[in-house]
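Colleague: let's see this in three dimensions:
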Amino acid sequence: MLVTHEHGDHIRGVGPLARRHKVPVYLTPGTWLSGKLGEVPHRHWITPQARFAVKGIEIDPVTVPHDAREPVQFRLAAAGRRLGLLTDLGHPSEHVVEAFRGCDALVLECNHDVHLLETGPYPPSLKRRVGGQWGHLANAQSAWLLRRLGLDGLQRIVCSHLSEHNNRPELALEALVPLLDGDDSRLTVAAQDQGLDWQAIT
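Modeller: Next up is the predicted model:
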């Protein structure tokens, strides 16, 4: 298992699954030192910006701006194809743009619509956290990031980590479809409660 950071929605099942099935876990020391995972028998340290490989898949852990101890997101490469996983970041930094340019497929956070966040039920402190530089990407920020990454080589784009209270699938798609000249065939929305079907790239 690749662990990005220690927030509950990302690690809740890591410890039990790793212990029950002896699954190796790859994570940064900072994530481990949060003390939130419990015992993990087969633990492997990873270093941001230091490539490693698991069963022929090359993995680049990329530092991202997020309010965790040592958060990373991942770029994976195998058989000449590259997949980017970008699910938690407060803003699309230049470092992130450079690291994820050239992917064939991208799982991209579209966490919130700014208006829904501003008028929604969260307390002011949580609204500031989610919408801040170390929180989560708004739909418009995700669109800006896609423009910077370049769309020509992207075969699949999965909108992910949509907030239950502060976003809707149609709003995420509305922000991204114009970048694709109205063609949404490359776009998929991953529902939090249903996951995602297998996606293919050629």
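Colleague: remind me, longest helix of this structure?
Modeller: Longest helix in the chain by number of residues, with DSSP state H as the criterion: helix 139-149.
Colleague: contacts for stretch 26-37, please.
Modeller: Contact with stretch 26-37 is made by 1-6, 8, 11, 14-15, 25, 40, 43-48, 52, 54, 59, 61, 68-72, as judged by CB atoms under 8 Å, 6 or more residues apart in numbering. C-beta: built from backbone N, CA, C; applies to glycine.
Colleague: ok so, going back, which other helices and strands does the longest helix of the chain contact?
Modeller: Counting contacts by 3 or more CB pairs under 8 Å, 6 or more residues apart in numbering; DSSP states H and E, helix 139-149 is packed against helix 94-100, strand 105-109, helix 169-176.
Colleague: angle of it against strand 105-109?
Modeller: 150 degrees (axes from the mean of the first three to the mean of the last three CA atoms, to 10 degrees).
Colleague: may I have helix 139-149 as PDB, with CA atoms only?
Modeller: Coordinates of the C-alpha atoms in helix 139-149 are reproduced here as PDB (Å, rounded to 0.1, in the frame of the first residue of the first chain):
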ATOM      1  CA  ASN A 139     -12.600  23.000  -9.100                       C
ATOM      2  CA  ALA A 140     -11.200  26.200 -10.700                       C
ATOM      3  CA  GLN A 141      -7.700  25.400  -9.300                       C
ATOM      4  CA  SER A 142      -7.900  21.900 -10.800                       C
ATOM      5  CA  ALA A 143      -8.800  23.300 -14.200                       C
ATOM      6  CA  TRP A 144      -5.800  25.700 -13.900                       C
ATOM      7  CA  LEU A 145      -3.500  22.900 -13.100                       C
ATOM      8  CA  LEU A 146      -4.700  20.800 -16.000                       C
ATOM      9  CA  ARG A 147      -4.000  23.700 -18.400                       C
ATOM     10  CA  ARG A 148      -0.500  23.900 -17.000                       C
ATOM     11  CA  LEU A 149       0.100  20.100 -17.300                       C
END
